[in-house]
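Q: I would like to see how this sequence folds:
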Amino acid sequence: MKFNVFQVSRKGGRQKNEDRMGYSYTREAALFLVADGMGGHPEGEVAAQIALQAVSTMFQSRARPRLLDVRAFLDEAVLSAHRQMMAYAASKSMPDSPRTTVVACVVQDGAATWTHCGDSRLYLVRKGELLTRTRDHSYAEYPEVGVSLGRQSINRNVLFTCLGSPVRPMVDLSDAMPLQGGDRILLCSDGLWSILSDREITAVLGARPVADAVPELVERALHGGGAASDNVTAVAFEWESAEAVPPDVSTDALSDADAFASTQQAEDPADFRELDDAAIERSIAEINEAIRRTTRRSGR
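A: Numbers count the residues shown, from 1 in each chain. Have a look, this model is predicted:
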């Protein structure tokens, strides 16, 4: 299994970055994830951290070196993250729970399977053409939901589901999509796609190596958003590229026990780190400590 990967997260014009992103891989499987903590609810960055931690930790414990059932894993992991957010809110007696969107993709056996909740998106580009993208859980993309609820006049950009909400979230789960060499998959928060059209995203992602395309897309979104730009986060990988463009990942030499992870919480371009099991545990501990610091600052 071989792929090129790049990730960037920037806070834009906001006071803090509530987006989280990361990827993990073993010899036979890889996980990519973006979570976007929701404004208008408390501690969005905590919700996004919980999503990142819950899904990546489960992946690292289950993929030894492969997942038994990719679709079952994705469904279970995302719902586990949702339950952890609810438990966190209950433990702090919070009147409203932290909430986040999420999109996650697993590659195994030469195929990609993904899930999402909310409006963090996945794009699959093949030979310069948009093959597919996820459908946001918004009234704009599901107008029939608004009609069924008698809300014809509701803001079309409002989401009707997310992780951390009081009701069970709606989670879409794809079938396995066989990948071809050179396929590019992008996971991103709405800070990117709300500024750039699908056509522009496809053109840049399809024409350039991911190490160039991702920072260019992020910079275009930041420029287009101006001083009020949202957080902008993107993770993209190219599958089995013929050209090795750093950071290039080849998992062929890994043992069954090996696991590597990279998580990004800062706004600077990606910090690519190869981690052993002990380092993975330290990374998870860092996320937990960040949650505790946020809790202390809020006085909860």
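Q: So in terms of bridging, what pairs with the spatially closest residue to residue 198 that is not a sequence neighbour?
A: Nearest residue to residue 198 in three dimensions, chain neighbours excluded: residue 130, at 6.1 Å (CB to CB, 6 or more residues apart in numbering). Placement of C-beta: from N, CA and C, glycine included. Counting by DSSP bridges, residue 130 is bridged to residue 125.
Q: So residue 130 sits against residue 202, correct?
A: Yes. The pair residue 130 and residue 202 passes the contact test of CB atoms under 8 Å, sitting 4.4 Å apart.
Q: picking up where we left off before, quick one: neighbours of the residue nearest to residue 198, just the number.
A: Neighbours of residue 130 under the rule other CB atoms under 10 Å: 16.
Q: Can you tell me how far it is from residue 93?
A: 45 Å (CB to CB, to the nearest Å).
Q: And for residue 48?
A: Counting by CB to CB - residue 48 and residue 93 are separated by 21 Å.
Q: Among the two, which residue is more densely surrounded?
A: residue 48 (35 against 7).
Q: Assess the claim that the more buried one and residue 99 are in contact.
A: No. Counting by CB under 8 Å, residue 48 does not reach residue 99; the two are 9.4 Å apart.
Q: Now the common contact residues for these two.
A: residue 37 (CB atoms under 8 Å, 6 or more residues apart in numbering).
Q: Report the residue spans of the protein with pLDDT below the cut-off.
A: Residue ranges of the chain with pLDDT under 70: 141-157, 241-248, 250-300.
Q: could you pull out the helices for it?
A: Under the criterion DSSP state H, helices of the chain are mapped to 44-62, 70-91, 143-148, 190-193, 198-207, 210-225, 277-298.
Q: Looking at the ones you listed, which is nearest to residue 117?
A: helix 70-91 (6.4 Å; CB to CB).
Q: Can I get that closest one in PDB, CA atoms only?
A: Coordinates of each C-alpha in helix 70-91 appear next as PDB, following Å, rounded to 0.1, in the frame of the first residue of the first chain:
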ATOM      1  CA  VAL A  70     -14.500  -1.500   7.400                       C
ATOM      2  CA  ARG A  71     -18.100  -0.300   7.200                       C
ATOM      3  CA  ALA A  72     -18.900  -1.700  10.600                       C
ATOM      4  CA  PHE A  73     -15.800  -0.100  12.000                       C
ATOM      5  CA  LEU A  74     -16.700   3.400  10.600                       C
ATOM      6  CA  ASP A  75     -20.300   3.200  11.800                       C
ATOM      7  CA  GLU A  76     -19.200   2.000  15.300                       C
ATOM      8  CA  ALA A  77     -16.400   4.500  15.600                       C
ATOM      9  CA  VAL A  78     -18.400   7.600  14.700                       C
ATOM     10  CA  LEU A  79     -21.300   6.700  17.000                       C
ATOM     11  CA  SER A  80     -18.800   6.000  19.800                       C
ATOM     12  CA  ALA A  81     -17.400   9.500  19.300                       C
ATOM     13  CA  HIS A  82     -21.000  10.900  19.500                       C
ATOM     14  CA  ARG A  83     -21.600   9.000  22.800                       C
ATOM     15  CA  GLN A  84     -18.300  10.300  24.300                       C
ATOM     16  CA  MET A  85     -19.400  13.900  23.500                       C
ATOM     17  CA  MET A  86     -22.700  13.300  25.300                       C
ATOM     18  CA  ALA A  87     -20.900  11.700  28.200                       C
ATOM     19  CA  TYR A  88     -18.500  14.700  28.400                       C
ATOM     20  CA  ALA A  89     -21.400  17.200  28.500                       C
ATOM     21  CA  ALA A  90     -23.200  15.100  31.200                       C
ATOM     22  CA  SER A  91     -20.000  14.900  33.300                       C
END
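Q: now for that helix, which elements pack on it?
A: Counting contacts by 3 or more CB pairs under 8 Å, 6 or more residues apart in numbering; DSSP states H and E, helix 70-91 is packed against helix 44-62, strand 100-108, strand 111-117, strand 172-173.
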